[in-house]
Every structure is written in C-alpha cells, then in structure tokens.
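> compute the structure for the input listed below.
(one chain, ligands or ions: 1)
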Amino acid sequence: MSRYFLFHSIGTFPGKAEQMSEALSRFSQIWSAEDDGQWPAALAERQAFIDAWRSVIGAPPGSVTTAENVTTALFSLVGGLPANRLRGKRLLVAADCFPSLHFLLAGIARRFDFVLDTVPFRPGEAWVRDEDFIAHWREDVGLALLTFVSSTTSHRVDVERLAAHGRAMGSVVGIDITQGVGVVPFSVAADTVDFVVSTSLKWLCGASGAGVLYVRPDLLMDCQPELRGWFSQENPFSWDLDKFHYAGDARRFDHGTPSILASVASLPGLNWVIARGVDAIRANNLEAAHKIIGHARDLGWKIASPVNDDERGGSVMLTLPSTVEPTAVISALRAEAIYCDARGSTMRLSPGAVTSESAVDELFTALEHIAPKGSSTRA
Ligand SMILES: Cc1ncc(COP(=O)(O)O)c(C=O)c1O
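Below is the predicted model:
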C-alpha cells in the first residue's frame, strides 16, 4: 500500500508488477518459439483481452475490437459511419471532452462535412452541465460524443438521460468512458449508446496502447470503415485485390496486423478488476473520496469536482490556493512519497486499490505545511 493518487493517469493493483511480468514473459516464450504456433497463440491472447473488455462493459460477442488509443478508435468510427449520418449535420461535444478528441474532430470536420459544435462552460464553471448539453442537442445533431467522466473535474454525466435524448433526436450517441470504466459501473447491455471508445491504462490498470472500440451490432453492420486492411475481412488471407469484404462483426474496424503486446500487458489489470468487482472498487474509492472532501472543507479549499457521489467519477479535484505554485506543491508532496498531479491550479487526487487507508490523512498533514490553513483559494 502506498500514497498513490494517480489512478486518473495510470491505475495499479496489488501484484501488478509480478502479474504483468509473468504475462509478458510467457508471451516472449510464445513469440520466440521456433515453430508455427506464434500467431494462433498471439491472436488468442488478444481475443482474451477483448473478451475481458466485453465482460467489463456487458458487450455481446463480435462488438468490440482493439485500437491503439481513444483518438484512433474515434477516428475509425467516424470514418466508418454511413456518410449521411454526418454530412451537413452538427457533431456535438462538450467543452470538457478530452482535448485529443476535440483536436481530431476539429481537424476532420471539413472533410466529413460536419460542423463541430462545442457546448461551452457557464461562466466560472469547470464542467459542462447535462442540461446545457441537452439544450444544444436538436435533430440536426448527427453524432454526439459524451465524456462519461471528465479528466479535469471528474464530473460524471447522466448517461441514461443524455442517451435517451439522443435517441429522440435520431443521433448516433458515442461515449468516451476512459476515466470512469473500472471505478464506476457502466454497461452497454441496455443499448443506451451506439458506440464506446476507451483505453485500459487508468482504472482498469492496464498498459498504454490498449484502446478499444465498441459498436452496437446493428450500427456496426452499416459501417464501412475507411481505415481498413486485410484484417478488416472475415478471412485476412483473402488476398484477391478485387474481392475485399468487410467482416460481419467488429473486426471490420481492424486494418493491418494488430498489436498484441498491449493486450497481453493489460489483461492482468482487467482480470483483477473483474475479480474484485467494480462495486467493491467504488466503495473503497468513495471512502477515500469522502475523506478528501472533508479535509478540503476543513482547509477551506474549493472542491473542483461535484460533491454528489452520483455526479462524480473516481477522482476529486481541488483548487489550490493562489498563494502556492502548483508545481512546487506537487514536488513537495513527491519528496514525501505522495503522488498526485495538477493541471494549472487544479490538483487531481485519484485514490484506488493500492492507496493506503492513512494516505489521505498523510496527504493533508503534508498540505497543511505546504499551504497553511487560511491560504485563499484561487478564483
Ligand atoms: C477522458 C479521456 N479520454 C481519453 C484519454 C486518452 O486518449 P488517447 O488514448 O487518445 O490518448 C484520456 C487520458 O487521460 C482521458 O482522460
């Protein structure tokens, strides 16, 4: 157990180093064997990762595949949608989406002929309210991209409510679940959303490079991903140049030779989350989150996350006092083996399975020295 509060960046679990080493070393043996069993074994490892992901989000067989990261998963999806879902329409996103996805969408808007509409913050607020997102969401929205949990405030959207509105508007509804999956229950089983993009290295405790894309099976059959290749086919060894055919499931979003290593390195984390159960992980996380909120109130610091548990993901963000330099605070904490980070004056605290029970108290004892009580919070 440690004083680790960085699950919003890299998640970890007891025994991670040993289990990842064991998985990678077993894979090294398979990959280096001087026989012809490498690819069947490697593809089975990747499939085990996909199946673990399906189990985490309740997705049916054939609806999930891998991507390098969230940004590429979104690009594959957008490039696969029937053109009439986007052409001449608005693509709705909130100002607190993950910036990488906004960079991508802004860059491809012209080519796919959609207007990127970004729902703004209210003055002085740090997350976009669900009601404001809904107010912008009319029938000319071809696609809406939700962010399950924001990486800067931990604000959690009401997926049911937003998706129900999206269905009424006839939009494709997608969601980036990167910051919530593994610490807050999430499921696609009720067909609430049309697609999901995510990666595995945060609360799911995996490695980087282990992105995923889920597409609702009936939408999937209408998609013809422009990023395609031999692995998009039912049979990758069908090499007749005039006979390309998309696979009948999520494999159509594959393209060239798939990456295997990220799946191998991530599976122990996913299996740990599945075995422990998201409800138990959440209960443990909430205990620490409540302590953080209590201490922050005692110090008179502004809490930059929703205080209602149902509107928050796994992190609690605090606004640092204007009298302290954020990087200096993070360094001073690091010197005491307390690990967290800051985006501007927003300090991000994400307690998880390896964060000791006493870590929150120790963090605040340290903070009381670094930024004594009475320091005023930044506006
Ligand atoms: C909400 C959210 N989405 C996406 C990402 C990562 O996107 P990518 O995998 O494209 O780097 C992060 C990383 O912090 C995130 O917090």
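
> switch to C-alpha atoms for all contacts and neighbour counts from now on
Fine.

> where do the helices of the stretch 51-200 of the chain begin and end?
With helices called from DSSP state H, counting those that start in this stretch, the stretch 51-200 of the chain shows them at 70-78, 99-112, 130-135, 159-169.

> now the third one: buried residues?
Neighbour-count burial for helix 130-135, counted by 16 or more other C-alpha atoms under 10 Å, picks out Asp130, Phe133, Ile134.

> residues contacting the last one?
The neighbourhood of Ile134, defined by C-alpha atoms under 8 Å, 6 or more residues apart in numbering, consists of Leu162, His165.

> ok, residues contacting stretch 93-100?
In this structure, residues lying in contact with stretch 93-100 by C-alpha under 8 Å, 6+ apart are 71, 102, 116-121, 126-128, 133, 144-147, 150-152.

> may I have it exported as PDB, CA atoms only?
Taking Å, rounded to 0.1, in the frame of the first residue of the first chain, the C-alpha atoms of stretch 93-100 are listed here in PDB:
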ATOM      1  CA  VAL A  93     -19.300  17.600 -28.000                       C
ATOM      2  CA  ALA A  94     -18.800  19.300 -24.600                       C
ATOM      3  CA  ALA A  95     -16.000  21.800 -23.800                       C
ATOM      4  CA  ASP A  96     -14.800  19.400 -21.100                       C
ATOM      5  CA  CYS A  97     -14.200  16.500 -23.500                       C
ATOM      6  CA  PHE A  98     -10.700  15.100 -23.700                       C
ATOM      7  CA  PRO A  99      -8.700  17.600 -25.800                       C
ATOM      8  CA  SER A 100      -7.200  15.000 -28.100                       C
END
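
> got the residues of the stretch 1-150 of the chain near the ligand?
Asn69, Val70, Thr71, Phe98, Ser150 (C-alpha under 6 Å from any ligand atom).

> if you set the cut-off to 5 Å instead, what comes out?
With C-alpha under 5 Å from any ligand atom as the criterion, the stretch 1-150 of the chain meets the ligand at residues Asn69, Val70, Thr71, Phe98.

> out of the residues you listed, grab the one that's most surrounded.
Using other C-alpha atoms under 10 Å as the neighbour criterion, Val70 leads these with 26 neighbours.

> ok, it - contacts?
Taking C-alpha under 8 Å, 6+ apart as the test, what Val70 contacts is Leu101, Asp176, Val197, Ser198, Thr199, Gly211, Val212.

> which residues touch the residue nearest to it when sequence neighbours are not counted?
Once flanking residues are discounted, Val70 sits nearest to Ser198: 5.2 Å by C-alpha to C-alpha, 6 or more residues apart in numbering. Residues in contact with Ser198 (C-alpha under 8 Å, 6+ apart) are Asn69, Val70, Ala73, Asp176, Ile177, Thr178, Gly211, Val212, Leu213.

> which bits of the stretch 151-300 of the chain sit near the ligand?
Ser151, Thr178.

> how about a cut-off of 8 Å?
Residues of the stretch 151-300 of the chain lying near the ligand by C-alpha under 8 Å from any ligand atom: Ser151, Thr152, Asp176, Ile177, Thr178, Gln179, Ser198, Thr199, Lys202, Ser208, Gly209, Gly211.

> isn't the third one up against Leu146?
In this case it means Asp176. Yes - using C-alpha atoms under 8 Å, Asp176 makes contact with Leu146 at a distance of 6.2 Å.

> what's the most buried one of the helices of the stretch 51-200 of the chain?
helix 70-78 (a mean of 22; mean count of other C-alpha atoms under 10 Å).

> export that helix to CSV, keeping only CA atoms.
Extracted in CSV, the C-alpha atoms of helix 70-78 (Å, rounded to 0.1, in the frame of the first residue of the first chain):
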residue,chain,number,x,y,z
VAL,A,70,-9.0,6.5,-27.8
THR,A,71,-8.3,9.0,-30.5
THR,A,72,-7.7,6.4,-33.2
ALA,A,73,-10.7,4.4,-32.1
LEU,A,74,-12.9,7.6,-32.6
PHE,A,75,-11.3,8.2,-36.0
SER,A,76,-12.0,4.6,-37.1
LEU,A,77,-15.6,5.0,-36.0
VAL,A,78,-16.2,8.4,-37.7
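
> what's the angle from it to helix 99-112?
30 degrees (axes from the mean of the first three to the mean of the last three C-alpha atoms, to 10 degrees).
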